[in-house]
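Chemist: here are the coordinates; sequence isn't available:
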């Protein structure tokens, strides 16, 4: 493997959920937004927005939505939003039919833009000595979140980011063998998939047993199986709520 | 704004579409995959896969799908895929009902994972002196791409990445004013939106007139309006094709 400062940073990411009691400065926040803004966007249409949660009441409500109360102790919290509403203003100011902005295609363009911007924020934050967690759990109750953030039509929340100064540095979690993630030309799990998975399950089990805190006995397979036991009603309104924001998913 | 090597790299991203005639080495490719693998994934479920297009015929077909023939001159080409098929194997090996993997929620988790991994590849590549373009245009004909990559059920292509050694270094495109992208607590375009947009239109127009190649007269507003003129039938089968891969979007 090749090495440089940036590659080493990318390969040492871990999710941070325990923070020192220190808020980010406005300069730090602006620097993170600048990094987000310089990421690629689909057809250079900049179809995302970023909302900082600054009020304790709002963080408390998001803690209830996500079930992750620790986010209230983060040094800063962002929600990144797929956004065709801003471009809708341009369409309307120019009397152009905005239909295209409502399509599934443009909805996904917004999701891609928001997600790419999210990862740039995380990488930028880590380069500044911060840490954090990207949170999909903001989708647990999108109706409530849309009200909380007063999201207009043609916007939809995508991911949350809790950031701060790490109070602890977890071990690095082992990833799946590269040969089961990366293929040449066509999709093909390797003929060693079962053996690879079994070795990987052992690695993950060692990680959970040996890490400093919250240790447990769990393999990757156990973890996936426990995900399959989720409540089927959770987030079952996702597509309905996307449609209610004005996107045509058909 | 704060500065360090990584922040400066992130803030100097530009899309590269002209490459020197040099392929990436296996070590470079593996290093990029490693960077992708260490990005965050939703519930640590690693719900994405990466396919390298190595064959000229496959690149030619993708050039036809995307309409971007220049991609055939890239030094490496990745397609990143939302992937619940690998975890389906775990469910089946353990006789667990895989229903949850088919939900919209898990489809989006795969899209987030694939998109975050894509951005890590781009950042890692740029740190190695490479450049490239993230391509949503692979979605122009998802049926054909799914056949080309032999994608199994519960997978779906998300983004393409053309990489290589830059043959030219375009100017940095100006981004929207930060105050129109980043809000505190609730979504709110600033009361100066019209004036901000007008100034930004001028900045973009200057950029297109002054850049070294392919210069034209175009503001951001013109650009968005021209996007709205797209063929409405393009990618109209997106949701249908996601469903045909076994995801339940309802």
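Modeler: Sure thing, it's come through. Everything quoted here is computed from the prediction, not taken from an experiment.
Chemist: per-residue pLDDT, the spatially most distant residue from the centre of chain A?
Modeler: The C-alpha centroid of chain A is most remote from residue A:95, which lies 35.2 Å away (CA atoms, centre = their mean). Listed pLDDT for residue A:95 reads 97.
Chemist: how about residue A:212?
Modeler: At residue A:212, the pLDDT value in this model is 68.
Chemist: all strands of chain A, in order?
Modeler: A:48-52, A:76-83, A:131-135, A:155-164, A:182-184 (DSSP state E).
Chemist: what sits against the closest residue in space to residue A:73 that isn't next to it in sequence?
Modeler: Spatially, and ignoring its direct neighbours in sequence, residue A:73 is nearest to residue A:19 (5.3 Å; CB to CB, 6 or more residues apart in numbering or on different chains). Quick note: C-beta positions are derived from backbone N, CA and C, even for glycine. Residues near residue A:19 by CB atoms under 8 Å, 6 or more residues apart in numbering or on different chains: A:73-75, A:131, A:162, A:164-167.
Chemist: measure residue A:19 to residue A:70 for me?
Modeler: 8 Å (CB to CB, to the nearest Å).
Chemist: right, and residue A:35 touches residue A:123 too?
Modeler: Yes. Residue A:35 is within contact range of residue A:123, at 7.4 Å (criterion: CB atoms under 8 Å).
Chemist: tell me the domain ranges of chain A?
Modeler: The record assigns chain A these domain ranges, following automatic domain parsing: A:5-170, A:174-250.
Chemist: most tightly surrounded among those?
Modeler: Stretch with highest mean neighbour count among the domains of chain A: domain A:5-170 (a mean of 21; mean count of other CB atoms under 10 Å in any protein chain shown).
Chemist: straight-line length of that domain, end to end?
Modeler: End-to-end distance of domain A:5-170 (CA to CA, to the nearest Å): 20 Å.
Chemist: distance to chain B added to the strands of chain A, as JSON lines?
Modeler: Below are those laid out as JSON lines (distance: least, CB to the nearest CB, whole Å):
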{"stretch": "strand A:48-52", "distance to chain B": "5"}
{"stretch": "strand A:76-83", "distance to chain B": "7"}
{"stretch": "strand A:131-135", "distance to chain B": "5"}
{"stretch": "strand A:155-164", "distance to chain B": "6"}
{"stretch": "strand A:182-184", "distance to chain B": "5"}
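Chemist: mean pLDDT added to those, as CSV?
Modeler: Formatted as CSV, the strands of chain A follow (pLDDT from 0 to 100):
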stretch, mean pLDDT
strand A:48-52, 98
strand A:76-83, 98
strand A:131-135, 98
strand A:155-164, 98
strand A:182-184, 98
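Chemist: so which of the ones you listed is nearest residue B:89?
Modeler: strand A:182-184 (14.5 Å; CB to CB).
Chemist: what's that closest one packed up against?
Modeler: In terms of contacts (3 or more CB pairs under 8 Å, 6 or more residues apart in numbering or on different chains; DSSP states H and E), strand A:182-184 is packed against strand B:48-52.
Chemist: I figured residue A:132 was touching residue A:18, is that so?
Modeler: No. Counting by CB under 8 Å, residue A:132 stays clear of residue A:18, with 10.9 Å between them.
Chemist: which residues touch residue A:183?
Modeler: If you count contacts by CB under 8 Å, 6+ apart, residue A:183 has them with B:49-52.
Chemist: ok, it to residue A:134 distance?
Modeler: 25 Å.
Chemist: show me the shaky parts of chain A.
Modeler: A:212-213 (pLDDT under 70).
Chemist: among the contacts of residue A:183, which are in reach of chain A?
Modeler: For chain A, the contacts drawn from the contacts of residue A:183 by CB under 8 Å from any CB of the partner chain are B:49-52.
Chemist: picking up where we left off before, shared neighbours of residue A:35 and residue A:123, which are they?
Modeler: Counting by CB under 8 Å, 6+ apart, the shared contacts of residue A:35 and residue A:123 are residue B:10.
Chemist: which phi and psi does the nearest residue to residue A:22 once chain neighbours are set aside have?
Modeler: With sequence-adjacent residues excluded and distances taken as CB to CB, 6+ apart, residue A:22 is closest to residue A:165, at 5.2 Å. With angles defined as degrees, to the nearest 10, residue A:165 sits at phi -80, psi 120.
Chemist: who are the contact partners of residue A:165?
Modeler: Contacts of residue A:165 (CB under 8 Å, 6+ apart): A:19-20, A:22, A:75, A:129-131.
Chemist: ranges for the helices of chain A?
Modeler: For chain A, the helices defined by DSSP state H occupy A:5-10, A:26-37, A:56-66, A:85-93, A:104-127, A:142-148, A:193-210, A:220-228, A:238-244.
Chemist: reformat those helices into a markdown table and put distance to residue B:219 next to each item.
Modeler: Formatted as a markdown table, the helices of chain A follow (distance: least, CB to CB, whole Å):
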| stretch | distance to residue B:219 |
| --- | --- |
| helix A:5-10 | 34 |
| helix A:26-37 | 18 |
| helix A:56-66 | 36 |
| helix A:85-93 | 10 |
| helix A:104-127 | 20 |
| helix A:142-148 | 31 |
| helix A:193-210 | 51 |
| helix A:220-228 | 47 |
| helix A:238-244 | 30 |
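Chemist: kindly reformat these as TSV containing distance to chain B.
Modeler: Formatted as TSV, the helices of chain A follow (distance: least, CB to the nearest CB, whole Å):
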stretch	distance to chain B
helix A:5-10	4
helix A:26-37	4
helix A:56-66	6
helix A:85-93	5
helix A:104-127	4
helix A:142-148	8
helix A:193-210	7
helix A:220-228	5
helix A:238-244	5
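Chemist: for residue B:66, find the nearest of the ones you listed.
Modeler: Judging the helices of chain A by CB to CB, what sits closest to residue B:66 is helix A:104-127, at 13.9 Å.
Chemist: and that closest one with helix A:85-93, angle?
Modeler: Angle between the axes of helix A:104-127 and helix A:85-93 is 140 degrees (criterion: axes from the mean of the first three to the mean of the last three CA atoms, to 10 degrees).
Chemist: ok so, going back, find residues that contact each of residue A:19 and residue A:70.
Modeler: Common neighbours of residue A:19 and residue A:70 (CB under 8 Å, 6+ apart) are residue A:162.
Chemist: right, and residue A:241 touches residue A:145 too?
Modeler: No. Residue A:241 is beyond contact range of residue A:145, at 9.4 Å (criterion: CB under 8 Å).
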